[in-house]
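Peer 1: After the sequence you'll find the predicted model.
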Amino acid sequence: MIKKDLIKQIEAYLVKKFKEPNKRLKHIYNVKKVASTLGKIYNADIPSVVVASYLHDATKDDTNEENIELASNLINDDTPKACIHAYAAHNLAKTMFKIDDLDILNAIKFHCSGRSKMSMLEKIIYVSDFIEEDRPFVTTELRELAKTNIDKTVYLIMVQTKEYILKNKQEFSSYTEEAILFYKKKAEEFDD
Ligand SMILES: [Fe+2]
Ligand SMILES: [Fe+2]
């Protein structure tokens, strides 16, 4: 399916599922907005950016049971509860929308934990999810940094996320742990 039709199909699905005005749908649109801006700056494929933005949290308001069932082939003991929806959304993209583009699927799957060596699309979705305009805890500096140094932005977001997770005694993904080391090195390279 060409992406334009796919995007229309996903839009219709989201509007029907979330019924505006809806906080989750607003977040999804906000992610799409900032991700599209970053996509242009970093020469990403914009239809892919839109598809990944639209679907990244498509199952987040479903029940835990529904998410676990949909994601059952992907989750294991290392998957934080807070990230199961990302795996479920990945499977929804595959089954309901027949998406087979690995980059889009990975951007959805890893938008919560992040990981080392992310593609540009993955980084754009990961960063946009955190810095979208309704996030009150994000500084203007970080929003600006995202436009010039996406690797350092990924690193700073991961550090902030880790602090939050540890403070709130939540589970922490080994993907994020590994990625922090990876992007710390990248950020230092840039500072040299
Ligand atoms: Fe999410
Ligand atoms: Fe999100």
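Peer 2: Done, it's in. Ligands and ions are numbered 1, 2, ... in the order given.
Peer 1: and the residue most central in space within the chain, what pLDDT?
Peer 2: Closest to where the C-alpha atoms of the chain average out (C-alpha atoms, centre = their mean) is residue 111, at 2.7 Å. At residue 111, the model reports a pLDDT of 98.
Peer 1: Any buried residues in stretch 162-170, and which?
Peer 2: By 16 or more other C-beta atoms under 10 Å, the buried positions in stretch 162-170 come out as residue 165. Just so you know, the C-beta spots here come from the backbone N, C-alpha and C atoms, and that holds for glycine as well.
Peer 1: so how far is it off the chain centroid?
Peer 2: 19 Å (C-alpha atoms, centre = their mean, to the nearest Å).
Peer 1: re earlier: hang on, the residue nearest to the centre of the chain packs against residue 129?
Peer 2: Yes: in terms of C-beta atoms under 8 Å, residue 111 counts as a neighbour of residue 129; the distance is 5.4 Å.
Peer 1: what touches both of the two?
Peer 2: residue 56 (C-beta atoms under 8 Å, 6 or more residues apart in numbering).
Peer 1: what about residue 160, helix or strand, and which?
Peer 2: Element membership for residue 160, per DSSP states H and E: helix 150-167.
Peer 1: same question, residue 6
Peer 2: helix 3-18.
Peer 1: Tell me the buried residues in that helix?
Peer 2: 3, 6, 7, 10, 13, 14, 18.
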